[in-house]
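Q: How does the following fold in three dimensions:
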Amino acid sequence: MAAEGSYPVADFDHNSEQHSADPVGSYRALRDVGPVARSEHHGGYWILSDYQSVFEAARDDETFSSARTTDGGEGLSVVIPKTPMHFHIPIEIDPPEFRKWRKILNPITAPAAIERLERIVEHYVTWFVDDIIEQGECDLAKVIGVPSIVTVDWLGLDVADWQRYASAHHAVLAAVRGSDRWEQAVTVDLPYLEERTREVIAARRAEPLDDTISYLTQCEVDGRVITDDEVYSIVDLLLAGGVGTTASLVSNTVVWLYQHQDVRRQLIDDPALMDKAIEEFLRYFSPTQGLARTVSRDTEFHGCPMKKGDRVLLAWASANRDPEQFENPDQVDIERWPNRHTAFGIGVHRCAGSHLGRAMAKELLTQILQRMGDYIVDLDALEPYPHQGTNTGWQRIPATFTPGPRLTA
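A: Below you'll find the predicted structure:
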């Protein structure tokens, strides 16, 4: 890594095998180069790695745009490189248009709405744990499939397809680009699931039920009912977020708690610590490592000359380890407070599903710790996500534990 001209240049690629092997170390080395640096990978992009620069850029939508453009290629605008996914509302829309779309989501993602979903979350967590509790062994990564099935059910899609929804959306972000699994997701599974989802949207518009898709088909923007295509754009975004981030958080957390059994015992003995602990795990693991923006006008940012069309990665995970913002950032403190982490983003585009994500993580971790709290992870058999540039986590977590009773028939 070296400086070139008037700005730092880093041999950095968050999609590389080297980064996936040690994302924390990779971002630490990047911060040592400078809070803003330039990488020439993927056609060239800027990386913001400290808390202050990430905070400023995330709140400056006029300069750092989330809107879908052809700068940097075709596809989803908020990742680098862009990935072939359908246009997503509202994450790929800037203010002021953004606000009218976010207003649609607020009633179904606010804390009061999530309280009504807690029964569904508890039902599925109990079901997943019951499925393995008598056996005394399991792959914890499969138990952590709960966020996927909750999201599919909440939306009103066919629950029988939950594993295919989970696998396809997960593969696009966590499999290596161009691998067999990635190609299967992009060329086979996602087109199939799009067709199924659009069928449900059409059916709910004709005969609404008590689900999220039915609600969306009746929403209006600018005095008109939103179209089926717009409903699909929202649903696809909720799916992409729902099947990945909470699973990433919980998979990292259960492995870490096995490795730090004093903290595991604290949470078992005092469940009231769980809320603050989840905020710290969000900071420490940053399920979404970073999201991208596109520079909308020539500017100078922290001394770096950025041009219109330049791509910029806002590294949430790196900002969450910035020692200027967090004391002892590489240590977990489950009672850290206040905890102004960036795990759900910053600014108007802050994750709409944050309250649901917290609720699912809390129920999962609580039941795992209370019902199988002596679990032992086979660390030698762990399998990480192949690609950890967007989400980090474990796709296989073999574990054994003392068998226990089912809670349901």
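Q: Can you pull the phi and psi angles for the nearest residue to Arg350 once chain neighbours are set aside?
A: Ranked by Cβ to Cβ, 6 or more residues apart in numbering and with sequence neighbours excluded, the top spatial neighbour of Arg350 is Phe344, at 5.5 Å. Using the backbone N, CA and C atoms, a C-beta is placed for each residue, glycine as well. Phe344 adopts backbone torsions of phi -100, psi 10, taken as degrees, to the nearest 10.
Q: Over to Ala29?
A: phi -60, psi -40.
Q: quick one: contacts for the residue nearest to Arg350?
A: For Phe344, the contact set (Cβ atoms under 8 Å, 6 or more residues apart in numbering) comprises Leu282, Arg350, Cys351, Ser354, Gly357.
Q: low pLDDT regions in this protein?
A: Within the chain, the set of residues satisfying pLDDT under 70 comprises 1-5.
Q: so where do the helices sit in the stretch 251-400 of the chain?
A: 261-269, 274-285, 316-319, 354-371 (DSSP state H, counting those that start in this stretch).
Q: which parts of the first one are buried?
A: Within helix 261-269, the residues that qualify as buried by neighbour count (16 or more other Cβ atoms under 10 Å) are Val263, Arg264, Gln266, Leu267, Ile268.
Q: so what's the second one up against?
A: When contacts are counted by Cβ under 8 Å, 6+ apart, Arg264 touches Leu257, Tyr258, Leu369, Gly373.
Q: how much space is there between it and Ile334?
A: Look at Arg264 and Ile334: by Cβ to Cβ, to the nearest Å, they are 10 Å apart.
Q: What of the last one?
A: The span separating Ile268 from Ile334 equals 12 Å under the rule Cβ to Cβ.
Q: what's Met85 sitting at in phi/psi?
A: Dihedral angles (degrees, to the nearest 10) for Met85: phi -130, psi 160.
Q: my bad, should have said Ser26
A: The phi/psi pair for Ser26 (degrees, to the nearest 10) is phi -60, psi -40.
Q: Surely it touches Gln18?
A: Yes - Ser26 is within contact range of Gln18, at 7.0 Å (criterion: Cβ atoms under 8 Å).
Q: Pick out whichever of these two has more residues nearby.
A: Just comparing Ser26 and Gln18: by other Cβ atoms under 10 Å the higher neighbour count belongs to Ser26, 23 against 12.
Q: The more buried one and Val33, how far apart?
A: Distance, Ser26 to Val33, using Cβ to Cβ: 11 Å.
Q: Could I get the contacting residues of Trp256?
A: Per Cβ under 8 Å, 6+ apart, neighbours of Trp256: Phe281, Tyr284, Phe285, Val332.
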